[in-house]
Structures are given as structure tokens and as C-alpha cells.
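In: Everything below, folded, please.
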Amino acid sequence: MNLHDLTAARQLEGLRAKEFSSRELTEHYLDRIGRHADLGAFVTINDQALAEAEEADARLANGDRAALLGLPIGIKDLAATAGLRTTFGSAALKDFLPPQDSWTAGLIRQAGAVLVGKTNTSEFGATCYTENDVATTAVTPYAPGRYSSGSSGGAATAVAAGLLPVAHASDGAGSIRTPAATCHLVGMKPSRGLVSPAPAVAFLSAGTEGPIARTVEDAALLLDVMASPAPGDLYGWRDEGGFAQELRRPLKIATWTDTGTGEAPDREAARAVRRTAEMLTGLGHDVREIPLPARWDEPVTRAILTWFAYQVGTITQQIVPPDRTNLLRPYTRHLLAINETLSANDIVTAQALLARYASAFLAATDDYDVVLTPTTNGAPVPIGYYGAHEADLMLKWSCPTPWANLAGVPAISLPSHVDDEGLPHGVHLVARARRDAELLALAAQLESARLWEDRHPPAWHD
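Out: Prediction:
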């Protein structure tokens, strides 16, 4: 057995029992990262990783039991890391060295994790594929000619290929969950406010950070560390019970496969939902099919594009020097051009429409504990798939996920199956606000009942 065959939880046990050292574990992952650079998992490797591992070993020898002490980890390149290059996936910031950690990156470091490097992301997280001008395109290790989605594509690629035991990620419309689906992994988007957005203070925050992992236990382990509100958080809250819990009651679960875009449901996506519904019923849950609560009509589609253009435009104005905007990618420049035409009324109107859209989902599912849908409407797509129509094509593929961001409710993608072409598919479970622990408990129940096979892509064995 190789070290990367062990789960993150088991690696922490081994570190504390002195079965192996953090340096050995970190060297193992650095070697694998070097041999699989073509998968595009990383933007930057931390040249201090071995020194951090040696420091962790010294702390372990002194009896320190910090939550992640000695465990190698990657931080998505949208989160600032003090002294370690943070590009935000942009050539315009290819040499940027932040003076301090983001709140969540700081929590992970304080918990003793060894920062191996920064995982790959799309420019400012704006696309559901991970292709930029600072790193190799991130691909799913199951089919290296296909994207591992985005914007947390590098994190998912790394965990699926055995280059990391677990990874930090972030999600503004599905960017944790769709990469997890393309890579046969667990990806958790927490409730609004559970993981702090600091240093940002957002009145309406659709984005949050969370874990990508191989197992539900590993996801819960990392979420426990990340879930600590910062001073001044508008929606900050804490779950004192921890996230590795057992499900204590049968749940009432709503399900649909309607895409809401006019596109027919993908055959394998529908199969993933059907087999998961059957398993949930067998486990004693009450699963009922209901109509899709709201559709991606033209006003809603325009509103979400407006909202993204405003968010990306605000970020770039704050951190990209004016003389470097020519280095931005075409889609980013497209969003900036839209943002320049927006009035305050346009932005407020878009927010109100999206709030009503999210409210329709909450109202229609008020009598249910959980919602079950596909994670994506189809398999991982080939490199170059999006072309000139990327906004429309991205929405048609990732349509099941954004409503959970807008509503601020917890959502998780779980592996379903690998199809006859060897391509992974995921299922999407969404719970009531602040029922993150219950959602993870349901996911653990499905994991124990063998919803998905414990399988790995070819790179895992190299």
C-alpha cells in the first residue's frame, strides 16, 4: 500500500502514531505532483513545504495534536497565502505575493497543515472549466482530454489523482460540486456564513469555501477547521457539534431531473439520480419526485450574468493594475465590458430577481429535508468545448447547482458511477440552511451503503 492510498483521517492517525513522518508524507506527494504535472492540478508549489513538514514533525514529537498537524494540503489559488504566490488564475497577477493569508487559509495553516502548493483555478473563478494563462489546463484524471470543471478544477484533479489527501476549494455557483462530480469525489458547499468570506464583507454572498475529498469523513474533517467565523461576519455562525455525525432519523427527500434550460436531461445524469433515489428509499427515506420550482428563463439568465459581471468587475478593479488589464482572458474582459455598462439599478434589479428565483426553490421544497438532483447535466466535457458560446454552454451543463448558492443552503456532490466510457457522474444533495451536519450524515450513510465504488483513475497507480 502506498501512502496516498490512505484517507486523510487515516494519515492523521498514522502521523500521531509515528507510523510515518510528515516529511515522508510530504515528499511522497511532492514526488507525485512532479510526475503528474501534465494534469494541471497546481499553479504554484511551495518551496517551503518540506521545512513546514519538519516543523510539524517536531510539534508531533512534543505531543501537539492540532487538527491537521502534518497533513499535506493544497489551497485554491483564489485564496491569498502570505508569502506564497497567489495569481487568482490570472497572468495579470502572475507575480503577486500577498502580505497575509485569507481568513480560511489562515485557519488551515493554524491547524498545522503543510501547504504543498496552490491548486489551479479559472481566472477569478469565473468559469466552470479550469483553463488560464498561468498554468496547464486542469483535466479529470479519468479522461485527461476533458476538463475537471471549475473553478476548483485543480483541487479536484489533485485529490482524484492522489496528489493530495484533501483540498481546500471554493464555490460561487457550483465550483466545488461540479469538479467533484467530474473526478468521482465528495465536494461540499456549506451554508452561507458557516465558512467566513473574510476579508470581504458581503451583503449578498453567493460564494463560499469548502472541502473536496475522497470520503465524507475527510470532508467533515477539513470543514471542521474551516468553519470558524471571523469578527464582523454578517452571517457568521458555528456548529458546535462537529460534522462527523450519524443520521438519526428518516428524511423526506424531493427529487427532479428537469434542467430548467430547455435541454433534455442527460441519460447518465438521470441514471445517477434514479439509482440514488432507489438507494435512499431502501435506506428508509421518503423520496418523492416534484416539478422543478423555477426555470432558467431569459430574465434569470441575464440576471445571473449581470451579477457575475458585477462581482468579477469589482474584484479586478480592486486588485488588477490598469496597465495589466490587457493580460486578462477574453471571457474576463467580456464580463468587465458588461460591468462597465451596468447602472446601480441594473445590479439591484438583478439581485432582486435572483433572490426571487432562489425563494421559489425554498418555497417549493419547504416540506422536505433534502433535495436530490444531478450535479451536472452530463459527463466531463472535452477541452475546447465551450468556444464562443461559453456563457450559454456553461449554464446548460452546470444548471443544477447555482440555486443552492443563491439560497445560501448547504449542498454536496457525491460520486454516483463511472459510465461505460470511463467518465464519472455525480449526484447533488441540498439540505435546509444550517443543516450541514445532517447533510454530511446522509452522505456518510450513502457512502456506507456503497452508493459509489472505491475506484481510482490510471494516474493513481503510477
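In: which regions of this protein sit below the pLDDT cut-off?
Out: For the chain, residues meeting the criterion pLDDT under 70 lie at 201-204, 388.
In: residues in contact with the most centrally placed residue in it?
Out: Nearest to the geometric centre of the chain sits Ile176, at 1.6 Å (Cα atoms, centre = their mean). Counting by Cβ atoms under 8 Å, 6 or more residues apart in numbering, Ile176 makes contact with Ser152, Ala169, Ser170, Gly187, Met188, Lys189, Gly210, Pro211, Ile212, Ser413. Where you see a C-beta, it was placed from the backbone N, CA and C, and this is true even at glycine.
In: Of those, which pair is most distant in space?
Out: Spatial extent of these (Cβ to Cβ) is set by the pair Ser170 and Ser413 at 14.2 Å.
In: Out of the two, name the residue with the larger neighbour count.
Out: Neighbour totals were compared for Ser170 and Ser413, and Ser413 leads with 32 against 23 (other Cβ atoms under 10 Å).
In: Could you measure from the more buried one over to Arg10?
Out: When distances are taken as Cβ to Cβ, to the nearest Å, Ser413 and Arg10 turn out to be 23 Å apart.
In: Same check on Leu251?
Out: As for Leu251, its distance to Arg10 is 29 Å (criterion: Cβ to Cβ).
In: Could you check which of the two is surrounded by more residues?
Out: Set side by side, Leu251 and Arg10 give different neighbour counts by other Cβ under 10 Å, the larger being at Leu251 (22 against 16).
In: For the residue nearest to the more buried one when sequence neighbours are not counted, grab the count of nearby residues.
Out: Setting aside the residues directly before and after it, Leu251 is nearest to Asp369 in space (Cβ to Cβ, 6 or more residues apart in numbering), at 4.1 Å. The number of residues packed near Asp369 is 19, by other Cβ under 10 Å.
In: quick one, phi/psi of Asp369?
Out: Comment: the main-chain dihedrals of Asp369 come out as phi -90, psi -30, following degrees, to the nearest 10.
In: thought it was touching Glu438?
Out: Yes: assessed by Cβ atoms under 8 Å, Asp369 is found in contact with Glu438 at 7.4 Å.
In: Give me the common contacts of these two.
Out: Leu251, Ala431.
In: and the contacts of Ile176 as a markdown table, adding secondary structure and distance to Arg59?
Out: Putting these into a markdown table (DSSP: H, G, I helix; E, B strand; the rest coil; distance: Cβ to Cβ, whole Å) gives the following:
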| residue | secondary structure | distance to Arg59 |
| --- | --- | --- |
| Ser152 | coil | 29 |
| Ala169 | strand | 26 |
| Ser170 | strand | 28 |
| Gly187 | strand | 30 |
| Met188 | strand | 28 |
| Lys189 | strand | 32 |
| Gly210 | strand | 26 |
| Pro211 | strand | 23 |
| Ile212 | strand | 26 |
| Ser413 | strand | 34 |
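In: Tell me the one of these nearest Ala66?
Out: Comparing those against Ala66 with Cβ to Cβ picks out Pro211 as the nearest, at 17.3 Å.
In: Name whatever forms a beta bridge with the closest one.
Out: The residues listed as beta-bridge partners of Pro211 by DSSP bridges are His168.
In: what sits against it?
Out: Each residue near Pro211 by Cβ under 8 Å, 6+ apart is listed here: 166-169, 176, 186-188, 218-219, 221-223, 226.
In: For those residues, work out which two are farthest apart.
Out: Taking Cβ to Cβ as the measure, those reach their widest spread between Ile176 and Leu221, a distance of 15.8 Å.
In: Now do the helices in the chain.
Out: Here the chain has its helices, by DSSP state H, at 8-16, 22-35, 49-61, 103-110, 153-160, 177-182, 216-226, 267-282, 298-319, 330-341, 344-364, 390-398, 402-407, 436-448.
In: Mind giving me the packing neighbours of the longest one?
Out: Contact analysis of helix 298-319 by 3 or more Cβ pairs under 8 Å, 6 or more residues apart in numbering; DSSP states H and E lists helix 330-341, helix 344-364, helix 390-398 as its packing neighbours.
In: To Leu247, which of the ones you listed lies closest?
Out: By Cβ to Cβ (comparing all of those), the closest turns out to be helix 344-364, at 22.4 Å.
In: tell me the angle of that closest one relative to helix 330-341?
Out: For helix 344-364 against helix 330-341, the angle between stretch directions is 110 degrees (axes from the mean of the first three to the mean of the last three Cα atoms, to 10 degrees).
In: Alpha carbons of helix 344-364, as CSV, please.
Out: Written as CSV, here are the backbone C-alpha positions of helix 344-364 (Å, rounded to 0.1, in the frame of the first residue of the first chain):
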residue,chain,number,x,y,z
ALA,A,344,-26.8,50.7,-9.8
ASN,A,345,-30.4,50.0,-10.8
ASP,A,346,-29.3,47.1,-13.1
ILE,A,347,-27.4,45.5,-10.2
VAL,A,348,-30.1,45.9,-7.6
THR,A,349,-32.7,44.6,-10.1
ALA,A,350,-30.6,41.5,-10.9
GLN,A,351,-30.1,40.8,-7.2
ALA,A,352,-33.9,41.1,-6.5
LEU,A,353,-34.7,38.7,-9.4
LEU,A,354,-32.2,36.2,-8.3
ALA,A,355,-33.5,36.4,-4.8
ARG,A,356,-37.0,35.6,-6.0
TYR,A,357,-35.6,32.7,-8.1
ALA,A,358,-33.9,31.2,-5.0
SER,A,359,-37.0,31.9,-2.9
ALA,A,360,-39.1,29.8,-5.4
PHE,A,361,-36.9,26.8,-4.7
LEU,A,362,-37.1,27.3,-0.9
ALA,A,363,-40.9,27.6,-1.0
ALA,A,364,-41.4,24.6,-3.2
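In: Would you pull up how far that helix lies from the middle of the chain?
Out: Taking the mean C-alpha point of helix 344-364 and that of its whole chain, the gap between them comes to 23 Å (Cα atoms, centre = their mean, to the nearest Å).
In: same check, this time on stretch 373-385
Out: Between the mean C-alpha point of stretch 373-385 and the mean C-alpha point of its chain there is a distance of 15 Å (Cα atoms, centre = their mean).
In: Could you pull out the buried residues of that stretch?
Out: Using 16 or more other Cβ atoms under 10 Å as the test for burial, stretch 373-385 gives Thr373, Pro374, Thr375, Thr376, Asn377, Gly378, Ala379, Pro380, Val381.
In: again, but for stretch 324-337
Out: By 16+ other Cβ under 10 Å, the buried positions in stretch 324-337 come out as Leu327, Leu328, Arg329, Tyr331, Thr332, Arg333, His334, Leu335, Leu336.
In: What residues does the fourth one make contact with?
Out: Okay, so that is Tyr331. For Tyr331, the residues meeting the contact criterion (Cβ under 8 Å, 6+ apart) are Glu123, Ala126, Thr127, Glu390, Ala391.
In: among those, who's most crowded?
Out: Neighbour tally across those (other Cβ under 10 Å): the maximum, 31 neighbours, falls on Glu123.
In: Please name the nearest non-neighbouring residue to that residue.
Out: Among residues not flanking Glu123 along the chain, Gly89 sits closest, at 4.3 Å (Cβ to Cβ, 6+ apart).
In: Could you do Ala37 as well?
Out: On the basis of Cβ to Cβ, 6+ apart, the spatially nearest residue to Ala37 that is not a chain neighbour turns out to be Thr136, at 6.8 Å.
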